[in-house]
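Chemist: Have a look at this prediction, sequence included:
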Amino acid sequence: MESQAQHVHKRYPEWLAFTLNNRLGRFFQPPDRLVSKLGLRATDVVLDFGCGPGFYTIPIAKVVAKTIAVDVSPRMLEKAASNAKKNHVTVETLATDGKAIKLGDGIVDLILLTHVFHEVAERPKVLAEFQRIAKRSGRLAIVERTRGGALGWVGGPPIMDQTEVIRELERAGFTLAQVVSHGNDSIVIGKKA
C-alpha cells in the first residue's frame with residue numbers, strides 16, 4: 001500500500017469527472033445515504049469543499065438553506081453548477097484551493113470534504129481557513145476511505161489512516177465530535193472549539 005504522503009497534492013483529473021457523478025455511482029454509493037449521516041438542518045449553510053461535479057452538493061442543496069460548492073477546478077465548478085440547474089437547486093460556486101476562502105468569518109454550519117482531504121496541500125493553512133469560516137457551533141466532516149483492499153473500487157481513493165485525520169483535525173483546533181462508519185469510509189466529524 002502506498003503511503004498517504006504519496007497522494008498529497010495529487011488531484012483527481014478533470015477529464016474523469018464523469019466517473020464522479022453518474023447513474024452507476026449513485027447506485028453503488030447513493031449520495032443521500034452519506035448526506036443522511038451528516039445531521040443537516042434546513043437552516044444550515046454547507047460548504048462542499050472539493051465538490052467536483054456536485055455528486056454530494058446537489059442532495060445537500062435539497063435539504064439546507066444554502067450550499068456553497070468549492071473546488072480548485074473552474075471546470076468542475078461549471079459541471080456542479082450545470083448539475084444544480086438540471087436538478088432545480090441553487091448552489092453558490094467558489095474557486096479556491098482553500099488557503100484563502102473568500103467568505104466572511106463564522107458563517108458556515110458544516111464544511112464537508114468527501115475523498116478530498118488526502119489531496120489537500122498545505123493542510124494547516126486550509127484547516128485554519130475552515131476554523132475562520134465556521135460558525136461558533138460549526139462542524140467539519142472529513143470523509144476518507146479508511147479500510148478495504150489495496151485497490152478498492154477501480155480508481156478509488158487511497159486508504160487513509162483515521163488516526164491521522166483525527167490528529168490533524170484536533171491540531172487545527174477542532175474537537176472530535178464523532179466518527180461514523182460509512183462502508184469502507186470513515187466520517188470524522190469535528191466541532192469548532
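Modeler: Yep, it's here.

Chemist: Surely Phe49 touches Leu113?
Modeler: Yes - counting by CB atoms under 8 Å, Phe49 sits close enough to Leu113 to count as a contact (4.9 Å). In short, each C-beta sits where N, CA and C put it, glycine included.

Chemist: For the strand ranked longest in the chain, which helices and strands make contact with it?
Modeler: Using DSSP state E to assign secondary structure, the strand with the most residues in the chain is strand 134-145. Judged by 3 or more CB pairs under 8 Å, 6 or more residues apart in numbering; DSSP states H and E, the packing partners of strand 134-145 are strand 108-114, helix 162-171, strand 174-182, strand 185-192.

Chemist: Pull the distance from it to the chain's centre.
Modeler: Going by CA atoms, centre = their mean, to the nearest Å, the spacing between the C-alpha centre of strand 134-145 and its chain's C-alpha centre is 9 Å.

Chemist: Give me the buried positions along it.
Modeler: With burial defined by 16 or more other CB atoms under 10 Å, the residues of strand 134-145 counted as buried are Ala134, Gly138, Arg139, Leu140, Ala141, Ile142, Val143, Glu144, Arg145.

Chemist: wait, doesn't the last one sit right on Gln162?
Modeler: I take that to be Arg145. No - under the criterion of CB under 8 Å, Arg145 lies out of contact with Gln162, with a separation of 9.9 Å.

Chemist: show me the residues around Cys51 that make contact.
Modeler: If a contact means CB atoms under 8 Å, 6 or more residues apart in numbering, then Cys51 has Thr57, Ala69, Val70, Asp71, Met76, Leu77, Ala80 as its contacts.

Chemist: neighbouring contacts of stretch 32-39?
Modeler: Identification of contacts with stretch 32-39 by CB under 8 Å, 6+ apart yields Tyr56, Pro59, Ile60, Val63, Leu110, Leu112, Thr114, Ala141, Val143, Val180, His182, Ile187.

Chemist: again, only using 7 Å
Modeler: Contact partners of stretch 32-39, identified using CB atoms under 7 Å, 6 or more residues apart in numbering, comprise Tyr56, Pro59, Ile60, Leu110, Ala141, Val143, Val180, His182, Ile187.

Chemist: Any idea how far apart the tips of it sit?
Modeler: 12 Å (CA to CA, to the nearest Å).

Chemist: mind checking the SS state of Lys79?
Modeler: For Lys79, the secondary-structure state derived from DSSP: H, G, I helix; E, B strand; the rest coil is helix.

Chemist: State the distance from it to Gly54.
Modeler: According to CB to CB, to the nearest Å, Lys79 stands 7 Å off from Gly54.

Chemist: So those two - more neighbours on which side?
Modeler: Comparing Lys79 with Gly54 by other CB atoms under 10 Å, the one with more neighbours is Gly54, at 31 against 22.

Chemist: That one contacts Val70, doesn't it?
Modeler: No - shown here, Gly54 and Val70 do not form a contact pair, counting by CB atoms under 7 Å, at 11.2 Å.

Chemist: what residue is smack in the middle of the protein?
Modeler: Nearest to the geometric centre of the chain sits Leu113, at 1.7 Å (CA atoms, centre = their mean).
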